[in-house]
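Q: Task: produce atomic coordinates for the following.
(2 chains)
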Amino acid sequence: MSEEFNALLTVDDLHATVAGKPILNGLSLHVPAGEVHAIMGPNGSGKSTLAYVLAGRPGYEVSEGGATFEGRDLLALEPHERAAAGLFLGFQYPVEIPGVSYLQFLRESLNAQRRARGEAELSGGEFIKLARGQAEALGMDIEMLKRPVNVGFSGGEKKRAEMVQMGIMQPKFAVLDETDSGLDIDALRIVGEGINRIMRAPDKGVLLITHYERLLEHVRPDRVHVLQAGRITRSGNIELARDLEREGYAELA
Amino acid sequence: MTAPFPSRAQEEWRYADLDALKPVWEQVAEPVTLTVAAGENLEEMWLPVADDVQLRRVQLALGQQASARIFALNAAPVYGRIELEVSLSAGAEFELFAANIGTGLSTNEIVTRVRHLQPDGRSLQVIRSVLGGKAAGSYLGKVEVARGAQQTDAEQSVKAMLLDRGATANCKPELEIYADDVKCAHGATVGELDPVQLFYAQSRGLPPEEARALLLEGFVMGLCEGASDGDAIRTAARDALRRVV
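A: Have a look, this model is predicted:
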């Protein structure tokens, strides 16, 4: 069985521009089901652009190449269709939505996904039970989810709430964009455990975008890729991440 | 005896739909007077009714250290006007949280005159408008600070969201200050939905139209977080927004 056939996510020679400026320059990547891959790279190397292109953010234009998700053309789908197909983006900067409670936001989102997949919607009671369980598992009080989406949350609380969302949505594949930034050591451990608990399964996959090796010690990726100037320049196991932490990206060239 | 019929030449009527108002003027012209005695509190919630034309004229007098908080939703199908004149004695507090929601050819306006007559008063006016179709929504808000009304703190926050090219938002905050140690702030924005918020909501699975409806609800609902019966105004706003989106 070829690697491509087995892949949950396949990115092939992807070129992308933002505001006319080329950011991704021929990026290729295969993430098989059951694996967690990490992407590391210096500032400006294209890590967040990759995340946004995969999730379909307007303004991130693909000029060449493509991406498939379980064999489907990912780039042909609207952002909400990608979510319903099982893709989740953990935002580097989670967005505040004043006036909309987290619980309402997540319940309407989850039920929209379920409708799109032809599944029954969750009732208010079923949803609260699910949300409470996921919040508690990540050390978050359900009361926080009664507040407007991310408004007044600290940086660490926003990241933790992203993981609660992931637990509620139960995606097949998560792209986590610097979920570790802004977390203290304890929060890092909780988030790492959350990623393992929610996403470590034979039929799931994760693309973990990070600057630092520390989260990787909790999550233990199967592969580590180095992104530089919009393409993967090296791939290896977790030892590669440890080398980078010690020596920096410059040594790599 | 009914007050004389207004004319568009009067500043506070410049955006009014007088043709719509004329047939009902005699029934609605008389202002309601509300008085809050020293140290007392008042909370009011004004929700829209089904009438094509809705006019609410209120004069509110706040005694010393009295406070009033008003939540209002202005969403008449043809012409809605909320007109409020408030006078504040020493240490009084006034808060208005109000929204215009309109579609079609409707005109909805909120017109206020807040008079700080004595020191240490505080007023806050938060106005949100969501306008689609060829609707117009206006806020004309005048704040007067009398000589001697030192330490007045007056704030006006006005935001409008335009959903269609033909929709219009008018905003006219106005200050008339005769004291020298006061804080009067006003901010006004007219905009469209934030594309980053829209993308965030869509990335969680909401189709574009559902994401828009949810964000608009949040834009208006931020208003009523402190209301003791938030559900009533939330339901009314949701109904009104459903007609707009």
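Q: which bits of chain B sit near chain A?
A: Residues of chain B lying close to chain A (Cβ under 8 Å from any Cβ of the partner chain) are B:195-197, B:199-208, B:210-211, B:214-215, B:217-223, B:225. Every C-beta, even on glycine, is put in place using the N, C-alpha and C of the backbone.
Q: Of the residues you listed, which belong to helices?
A: Among the residues of chain B next to chain A, the ones falling in helices (DSSP state H) are B:195-197, B:199-203, B:208, B:210-211, B:214-215, B:217-221.
Q: From those residues, list just the buried residues.
A: Taking 16 or more other Cβ atoms under 10 Å in any protein chain shown as the criterion, what is buried in these is B:197, B:199-203, B:210-211, B:214-215, B:217-221.
Q: And these, which two are furthest apart?
A: Greatest spatial distance in these: B:S203 and B:V220, 23.1 Å, computed using Cβ to Cβ.
Q: What ranges does the chain have for its strands?
A: All of this refers to chain A. Under the criterion DSSP state E, strands of chain A are mapped to A:7-18, A:21-32, A:36-40, A:60-69, A:72-73, A:87-90, A:97-101, A:148-149, A:173-177, A:205-210, A:223-228, A:231-236.
Q: Wait, chain B was what I had in mind.
A: For chain B, the strands defined by DSSP E occupy B:32-36, B:41-46, B:53-62, B:67-74, B:79-88, B:93-102, B:107-116, B:122-131, B:136-145, B:153-162, B:168-177, B:183-191.
Q: Mean pLDDT and distance to B:L21 added to those, as CSV?
A: Output for the strands of chain B, formatted as CSV (pLDDT from 0 to 100; distance: least, Cβ to Cβ, whole Å):
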stretch, mean pLDDT, distance to B:L21
strand B:32-36, 97, 17
strand B:41-46, 95, 18
strand B:53-62, 97, 6
strand B:67-74, 96, 14
strand B:79-88, 98, 6
strand B:93-102, 96, 16
strand B:107-116, 98, 10
strand B:122-131, 96, 20
strand B:136-145, 97, 14
strand B:153-162, 95, 22
strand B:168-177, 94, 17
strand B:183-191, 89, 25
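Q: in chain A, what residue is nearest chain B?
A: Relative to chain B, the nearest point of chain A is A:G99 (3.2 Å; Cβ to the nearest Cβ).
Q: check contacts around the closest residue to that residue other than its chain neighbours.
A: Of all residues not flanking A:G99 in the chain, B:G218 sits nearest, at 3.2 Å (Cβ to Cβ, 6 or more residues apart in numbering or on different chains). Contact analysis of B:G218 by Cβ atoms under 8 Å, 6 or more residues apart in numbering or on different chains lists A:97-100, A:148-149.
Q: quick one: terminal-to-terminal distance for stretch A:31-40?
A: Start and end residues of stretch A:31-40 are separated by 15 Å (Cα to Cα, to the nearest Å).
Q: quick one: buried residues of it?
A: A:31-33, A:35-40.
Q: Pick out the most distant pair among those.
A: Using Cβ to Cβ, the pair of the buried residues of stretch A:31-40 lying farthest apart is A:A33 and A:M40, separated by 22.4 Å.
Q: which residues touch the spatially most central residue of chain B?
A: The centroid of chain B falls nearest to B:A98 when counting by Cα atoms, centre = their mean (3.6 Å). With contact set as Cβ under 8 Å, 6+ apart, B:A98 has these partners: B:70-74, B:82, B:110, B:125-128, B:223.
Q: go again using 7 Å as the cut-off
A: B:A98 makes contacts with B:72, B:74, B:82, B:110, B:127, as judged by Cβ atoms under 7 Å, 6 or more residues apart in numbering or on different chains.
Q: Distance to A:E247 and neighbour count added to these, as TSV?
A: Below are the contacts of B:A98 laid out as TSV (distance: Cβ to Cβ, whole Å; neighbours: other Cβ atoms under 10 Å in any protein chain shown):
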residue	distance to A:E247	neighbour count
B:A72	63	22
B:N74	64	27
B:I82	67	25
B:I110	63	25
B:I127	57	26
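Q: ok, so of those residues, who is nearest chain A?
A: Nearest to chain A, judged by Cβ to the nearest Cβ, of the contacts of B:A98 is B:I127 at 14.4 Å.
Q: quick one: average confidence on stretch A:72-85?
A: The predicted model assigns stretch A:72-85 a mean pLDDT of 98.
Q: I'd guessed A:R223 sits against A:I232; true?
A: No - at 10.3 Å, A:R223 does not count as touching A:I232 under the criterion of Cβ atoms under 7 Å.
Q: State the distance from B:A237 to B:A98.
A: 11 Å (Cβ to Cβ, to the nearest Å).
Q: correction: A:S181
A: From A:S181 to B:A98 the distance is 40 Å (Cβ to Cβ).
Q: next one: A:V164
A: Relative to B:A98, A:V164 is positioned 34 Å away (Cβ to Cβ).
Q: now A:N237
A: Applying Cβ to Cβ, the value for A:N237 to B:A98 is 61 Å.
Q: I'd like to know the beta-bridge partner residues of the nearest residue to A:L240 once chain neighbours are set aside.
A: Nearest residue to A:L240 in three dimensions, chain neighbours excluded: A:V224, at 4.6 Å (Cβ to Cβ, 6+ apart). A:V224 forms beta bridges with A:A38, A:G236, as assigned by DSSP bridges.
Q: closest to A:L208 among the buried residues of stretch A:31-40?
A: Closest to A:L208, out of all of these and judged by Cβ to Cβ, is A:A38, at 4.6 Å.
Q: Need the distance between the two termini of stretch B:160-170.
A: Its start and end residues considered, stretch B:160-170 measures 9 Å (Cα to Cα).
Q: ok, now stretch B:85-92?
A: Using Cα to Cα, the end-to-end distance of stretch B:85-92 comes to 15 Å.
Q: just stretch A:227-242 next, same as before
A: Here the two ends of stretch A:227-242 are set 15 Å apart, with distance taken as Cα to Cα.
Q: what's the answer for stretch A:23-41, then?
A: End-to-end distance of stretch A:23-41 (Cα to Cα): 13 Å.
Q: quick one: that stretch to chain centroid distance?
A: 12 Å (Cα atoms, centre = their mean, to the nearest Å).
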